[in-house]
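Asker: Can you look at this prediction? I've put the sequence above it.
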Amino acid sequence: MQLQQSFERPQLPLFDAFLASASPDALLPSPEDDQGFSELALRGAAGHCLHLLAPILRELSQNQDARWLTLVAPPASLTQAWLRDAGLNRERILLLHPRQGQSAMELAEEALKLGRSHTVISWLHPVEHSTRLRLAKAARAGNAQSLNISLG
């Protein structure tokens, strides 16, 4: 069976009403927005999600920046063996787990503020707008990048 897709069909006007009613200034990000914060959502079988995640983490672990790639409270499936098999530079990765009474969000925020990591990866779900703003602010303070990965 061959799947054929036509790229010449017109797009559905899903956002036309929104764009028509929004002022041009409303579409521009403000400095308080979540610059410094990115999010990646992967859905499906855990093995497939990890397979898709491996090249991203590998690239980040081989970053020329002298700082750490920090993983905050990674899922149990991201074992040392998986990191090795995925070809990550484990000498450049810092694994952090929250202490008693500390949330993963607070730990990620603290790691970002310190500035000893070029990228701090968290696995928070769901991420509220206020959390995005807090992580973005911490990332700017530490001259770092916050990446949240949502696995489902």
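Answerer: Arrived safely, thanks for sending. Numbering: from 1, shown residues only.
Asker: chain center to stretch 59-75: distance?
Answerer: Centroid displacement of stretch 59-75 relative to its chain, using C-alpha atoms, centre = their mean, to the nearest Å, is 12 Å.
Asker: got a list of contacts for that stretch?
Answerer: Counting contacts by C-beta atoms under 8 Å, 6 or more residues apart in numbering, the residues outside stretch 59-75 that touch it are 57, 78, 88-90, 92-98, 104, 107-108, 111, 115-123, 144, 147, 151. No exception for glycine: its C-beta is placed from N, CA and C like everyone else's.
Asker: and if you look at stretch 94-105?
Answerer: Counting by C-beta under 8 Å, 6+ apart, stretch 94-105 makes contact with 68-74, 106-107, 111, 117, 122-124, 131, 134-135, all of which sit outside it.
Asker: name the helices or strands packed onto the helix or strand hosting R140?
Answerer: R140 is part of helix 129-141 when elements are defined by DSSP states H and E. In terms of contact count using 3 or more C-beta pairs under 8 Å, 6 or more residues apart in numbering; DSSP states H and E, helix 129-141 is assigned the packing partners strand 37-42, helix 104-114, strand 145-151.
Asker: so can I have a markdown table of these showing distance to Q64, mean neighbour count and mean pLDDT?
Answerer: Formatted as a markdown table, these follow (distance: least, C-beta to C-beta, whole Å; neighbours: other C-beta atoms under 10 Å; pLDDT from 0 to 100):
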| stretch | distance to Q64 | mean neighbour count | mean pLDDT |
| --- | --- | --- | --- |
| strand 37-42 | 19 | 16 | 95 |
| helix 104-114 | 20 | 20 | 98 |
| strand 145-151 | 14 | 22 | 95 |
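Asker: With distance to A139 as extra columns, can I get those in TSV?
Answerer: Formatted as TSV, the helices and strands packed on helix 129-141 follow (distance: least, C-beta to C-beta, whole Å):
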stretch	distance to A139
strand 37-42	6
helix 104-114	5
strand 145-151	4
